[in-house]
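**Student:** Sequence below, structure please.
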Amino acid sequence: MNKIIMALSTMLMTGGTMTAQKVVFEEYDLDNGLHVILHNDSSAPVVITSVMYHVGSKDENPERTGFAHFFEHLLFEGTANIKRGEWFKIVTSNGGTNNANTSDDRTYYYEVFPSNNLELGLWMESERLMHPVINQIGVDTQNEVVKEEKRLRVDNQPYGSLIAEVKKNMFVNHPYRWTTIGEMAHLDAATLEEFQAFNKKFYSPNNAVLVVAGQIDIAQTKAWVKKYFGPIPRGEKLTKKTFVEQPINKTITASYEDPNIQKEMVVASYRTPSMKTREARVLDMISTYLSDGKSSKLYKKIVDDKKMALQIGAFNYSLEDYGMYILYGLPQGENTANDLVREIDEEIIKLQTDLISETDFQKLQNKNENNYVNNNASIEGVAGNLATYYLLYGDVNLINTEIEMYRSITREEIREVAKKYLNPNQRLILNYIPTKEKAKN
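**Tutor:** Residues are numbered from 1 along each chain as shown. Take a look at the predicted model:
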């Protein structure tokens, strides 16, 4: 379900631009609490209808993990007016494609159609929200689908448990400590009534945002939105729990044996602030500086010049409440995990001590500009960004203004954020190693 849309991709790309242009949108609320965002782009005859729900794996019962991801699948089973197994047939027979994905913080569903099928897309998403059929045959079917997905993407995938092991060791109180896909034993133990209660609680108009983007007539779209989504009753008022983690003040060490690998990996992970903060954007820039591309500091030094690692990388895993800044490397030859950590720390100390060069800083700014353009280069990208900025950031217009925040970040801020968050006593060191049997081979 997480595969990127392939159909209509060429058409969608023609709907974007290669220069950063302001995204014009209109937003309003229905009486039932559904937030609606409309964006007209007449450059290509396509339209995307999408709904993002403010429910992710962090909203689950610790004894019933995996529910949000399970519903990513389950809500394609059918509705009172769409027979079981007919959803995808309706979409493809009308020239469209659809998909869904789940994170720790939200679940997102969407259809892409030729623009003359906008009403169909709106009707289908309203059906998913108003008339879902959640019965035992659907639960049993999707249980097997999710188990197969876990086998393919986690259990039998080299380094497939990496993020799970990092999260498990980085979080004590917060639900980020478990994976989005969850535990299969929890899904097996769940009753039909538990699935139905989860749906009733979280999949309501007042816990969602509807985005319609593409070649649309605004007045007609509003009329259809009111027709199909207006009658849906408001759900219960949700109060999100707050989970506070105590600061990490001593290095956490852990190890994990993966039967699917023959080469060890070392991971250094730091807990970081919410993606909504300015500091999270600074950490994005630090990640780019350290490991984005073969000219980055870590790759050039450790992989190219010293040939100490087969691969090296860093990324900022930003989430709504907290984040993780994760560095990783695959030692090569006689070099050890400790050797790689030492080399990584040398580069971090330089960041904490000296200002990066003006040349490197300009490269970062250029990459930020390029990323901004690419993120809004398709109708699909714009729709996803509009939904995300509303639901998780609380400011839809960040789609136009966030780039200004990146532009305003200084070299001094980069140094200070590195000092604040990237210290040895604030991290997890995870030795991700082959099983003993693999290591002998």
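
**Student:** In stretch 63-79, which residues are buried?
**Tutor:** Within stretch 63-79, the residues that qualify as buried are 64-79, counting by 16 or more other CB atoms under 10 Å. From N, CA and C alone the C-beta is placed, and that goes for glycine too.

**Student:** next one: stretch 340-353
**Tutor:** Buried, per 16+ other CB under 10 Å, within stretch 340-353: 340-341, 343-344, 347-348, 351-352.

**Student:** In JSON lines, list those along with distance to residue 25 and secondary structure.
**Tutor:** What follows is the buried residues of stretch 340-353, written out as JSON lines (distance: CB to CB, whole Å; DSSP: H, G, I helix; E, B strand; the rest coil):
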{"residue": "340", "distance to residue 25": "45", "secondary structure": "helix"}
{"residue": "341", "distance to residue 25": "45", "secondary structure": "helix"}
{"residue": "343", "distance to residue 25": "46", "secondary structure": "helix"}
{"residue": "344", "distance to residue 25": "41", "secondary structure": "helix"}
{"residue": "347", "distance to residue 25": "41", "secondary structure": "helix"}
{"residue": "348", "distance to residue 25": "40", "secondary structure": "helix"}
{"residue": "351", "distance to residue 25": "37", "secondary structure": "helix"}
{"residue": "352", "distance to residue 25": "40", "secondary structure": "helix"}
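
**Student:** Mind picking the one among the residues you listed that's closest to residue 313?
**Tutor:** Proximity of those to residue 313 (CB to CB) peaks at residue 344, which lies at 10.5 Å.

**Student:** Tell me the pLDDT of that closest one.
**Tutor:** Note on residue 344: pLDDT of 95.

**Student:** Strands along the protein, start to end?
**Tutor:** Secondary structure of the chain, counting by DSSP state E: strands at 26-29, 35-40, 46-53, 97-102, 107-114, 208-214, 252-258, 265-273, 309-318, 322-331, 427-434.

**Student:** Mind telling me which of those the model trusts least?
**Tutor:** strand 309-318 (a mean of 91).

**Student:** Give the burial count for residue 227, as a bare number.
**Tutor:** By other CB atoms under 10 Å, 13 other residues sit near residue 227.

**Student:** how near is it to residue 126?
**Tutor:** 9 Å (CB to CB, to the nearest Å).

**Student:** Which residues are in contact with residue 170?
**Tutor:** Counting by CB atoms under 8 Å, 6 or more residues apart in numbering, residue 170 touches 176-177, 248, 252, 269, 271, 324, 428.

**Student:** what two of the residues you listed have the greatest distance between them?
**Tutor:** Greatest spacing in the contacts of residue 170, by CB to CB: 176 and 252 (15.0 Å).

**Student:** Neighbour count: these two, which is higher?
**Tutor:** Between residue 176 and residue 252, residue 176 has the larger neighbour count (other CB under 10 Å), namely 26 against 15.

**Student:** Quickly note the distance from the more buried one to residue 421.
**Tutor:** Relative to residue 421, residue 176 is positioned 17 Å away (CB to CB).

**Student:** what's the answer for residue 129, then?
**Tutor:** From residue 129 to residue 421 the distance is 40 Å (CB to CB).

**Student:** Between these two, which is the more surrounded one?
**Tutor:** Neighbour count, other CB under 10 Å: between residue 129 and residue 421, residue 129 has more, with 24 against 19.

**Student:** That one against residue 229, yeah?
**Tutor:** Yes. In this structure residue 129 lies within contact range of residue 229 using CB atoms under 8 Å: 7.3 Å.

**Student:** which stretches of this protein aren't confidently modelled?
**Tutor:** For the chain, applying pLDDT under 70 flags the ranges 1-20, 437-441.

**Student:** all helices for the stretch 101-250 of the chain, in order.
**Tutor:** 118-130, 136-150, 162-170, 184-189, 192-202, 218-229 (DSSP state H, counting those that start in this stretch).

**Student:** Tabulate the ones you listed in a markdown table, adding columns for distance to residue 290.
**Tutor:** Below are the helices of the stretch 101-250 of the chain laid out as a markdown table (distance: least, CB to CB, whole Å):
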| stretch | distance to residue 290 |
| --- | --- |
| helix 118-130 | 41 |
| helix 136-150 | 31 |
| helix 162-170 | 17 |
| helix 184-189 | 36 |
| helix 192-202 | 37 |
| helix 218-229 | 44 |
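
**Student:** picking that back up, next, give me the two most distant ones among the buried residues of stretch 63-79.
**Tutor:** Pairwise distances across the buried residues of stretch 63-79 (CB to CB) peak at 26.2 Å, for the pair 65 and 79.

**Student:** Name the nearest residue to residue 400, sequence neighbours excluded.
**Tutor:** Distance criterion CB to CB, 6 or more residues apart in numbering; nearest residue to residue 400, sequence neighbours excluded, is residue 22 at 5.3 Å.

**Student:** ok, now residue 133?
**Tutor:** residue 78 (5.1 Å).

**Student:** Give me the buried positions along stretch 358-367.
**Tutor:** Residues 360-361, 363-364, 367 are the ones in stretch 358-367 that count as buried (16+ other CB under 10 Å).

**Student:** Residues contacting it, please?
**Tutor:** Applying CB under 8 Å, 6+ apart, the external contacts of stretch 358-367 come out as 285, 288-289, 292, 356, 406-407, 411, 414.

**Student:** likewise stretch 388-402?
**Tutor:** Here stretch 388-402 makes contact (CB under 8 Å, 6+ apart) with 22-23, 25, 27, 35, 37, 52, 54, 105-106, 209, 275-276, 281, 320, 372, 376, 382, 385-386.

**Student:** Next one: the residue nearest to residue 133 relative to residue 87, how far apart?
**Tutor:** In this view, residue 78 and residue 87 are 6 Å apart by CB to CB.

**Student:** So which of the buried residues of stretch 358-367 belong to helices?
**Tutor:** 360-361, 363-364, 367 (DSSP state H).

**Student:** Sweet, I'm off.
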